[in-house]
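In: Below: sequence and its predicted model.
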Amino acid sequence: MLLERSSWPEVAAYLEKSRGIILPIGSTEQHGPTGLIGTDAICAEVVARGAGDVTGALVAPTIAFGMAQHHLAFPGSVALRPTTLIAVLCDIVLSLARHGFTHFYFVNGHGGNIATLSAAFSEIYARRSLRLSGEDQALRCRLRNWWQGRELREVVQELYGEAEGSHATPSEVALAAFAYPDAIKKAPLDPPVAPKKGGFTDAEDYRRNFPDGRIGSNPALANAEDGRRLYELAVKAVAQDYLEWLAK
Ligand code: NI
């Protein structure tokens, strides 16, 4: 059930039986010469919606912008600063809390969001701890990256090994290709497996260390059929984790 395609009486009826909601969050940022700019948002969205179908959970509209300042030296990337993203997340959660939602399950598609999501959760909890909020309900938030899960990690290792890397990975490119097969790109990747040495600070530093945007990956290994396999494993793991968390 998608929030954006529900009416308010349907949401009111949903709240009679559940106080949980799944919120996909991604990023709009470069994913190397072949990966879609929307890869992280697309991956989070399809997995969240798949898990919503399995569990009957309401799924919020995808938060498609994330903390991606380090990608800004590549055209098309958009970044929310950590403070901006924290404010956005707090306002979304508190809006939904006003209606009676208490359990906020974020399906995340971007590693760069993790620290900020965690800080936003602390900000939300602090409101009640410090008696700053008027809400009488305790709120609970959970962060789940779509790529987590033992079974899925084993398949990723088997398919891509070391060439999975950590940005513009074949697994996320495959999942996006499964979601949008008509948008698959081809381009030369040189070297085939991107460099992985060195960290990064700001956008210029990132581009200096990782000139085509990839980190340690070979996304040419990705295909839509493997993407389907990863999708099914991710949905299964997220659905199970959501239901277990909700029941606690
Ligand atoms: Ni990504």
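Out: Ah, there it is. Please read these numbers as outputs of a predicted model, since none were measured by experiment.
In: what about residue 76, neighbour count?
Out: The number of residues packed near residue 76 is 13, by other C-beta atoms under 10 Å. Every C-beta, even on glycine, is put in place using the N, C-alpha and C of the backbone.
In: Correction: the previous question concerned residue 134.
Out: When neighbours are counted by other C-beta under 10 Å, residue 134 registers 8.
In: which secondary structure element contains the residue in the chain positioned nearest to the ion?
Out: In the chain, the residue that lies nearest the ion is residue 40 (4.2 Å; C-beta to the ion). For residue 40, the enclosing helix or strand under DSSP states H and E is helix 39-55.
In: tell me the mean pLDDT over that helix?
Out: The average pLDDT for helix 39-55 rounds to 98.
In: which residues of the chain score low on pLDDT?
Out: For the chain, the stretches with pLDDT under 70 are 135.
In: By residue count, which helix of it is the longest?
Out: helix 224-247 (DSSP state H).
In: Report the buried residues of that helix.
Out: Within helix 224-247, the residues that qualify as buried are 224, 226-227, 229-231, 233-239, 241-242, 246, counting by 16 or more other C-beta atoms under 10 Å.
In: who are the neighbours in contact with the nearest residue to residue 156 once chain neighbours are set aside?
Out: Sequence neighbours aside, residue 171 is the residue nearest to residue 156 in space, at 4.9 Å (criterion: C-beta to C-beta, 6 or more residues apart in numbering). Listed by C-beta atoms under 8 Å, 6 or more residues apart in numbering, the contact set of residue 171 reads 147, 156, 159-160, 164, 222, 230.
In: got it, and residue 169?
Out: Contacts for residue 169 (C-beta under 8 Å, 6+ apart) come out as 160, 217, 219.
In: Remind me which helix or strand the first one belongs to.
Out: Using DSSP H and E, the secondary-structure element containing residue 160 is helix 150-160.
In: packing partners for that helix?
Out: If contacts are counted by 3 or more C-beta pairs under 8 Å, 6 or more residues apart in numbering; DSSP states H and E, helix 150-160 sits against helix 170-179, helix 224-247.
In: So what touches the last one?
Out: To tie it back to what came earlier, the one meant is helix 224-247. Residues contacting helix 224-247 (C-beta under 8 Å, 6+ apart): 18, 20, 22, 46-48, 50-51, 54-55, 57, 103, 105, 107, 142, 144, 146-149, 151-152, 155-156, 159, 171, 174-179, 181, 184.
In: what helix or strand is residue 211 on?
Out: Using DSSP H and E, residue 211 maps to neither a helix nor a strand.
In: check contacts around it.
Out: If you count contacts by C-beta under 8 Å, 6+ apart, residue 211 has none.
In: any idea how far it lies from residue 30?
Out: 12 Å (C-beta to C-beta, to the nearest Å).
In: Return the distance of the nearest residue to residue 107 once chain neighbours are set aside relative to residue 218.
Out: Distances taken as C-beta to C-beta, 6+ apart put residue 48 closest to residue 107, at 4.0 Å, once the chain neighbours are dropped. Residue 48 sits 27 Å away from residue 218, going by C-beta to C-beta.
In: Residue numbers of this structure in contact with the ion?
Out: 39-40, 172 (C-beta under 5 Å from the ion).
In: Name the residues of the helix holding residue 40 that are buried.
Out: In terms of neighbour count (16+ other C-beta under 10 Å), helix 39-55 has its buried residues at 39-52, 55.
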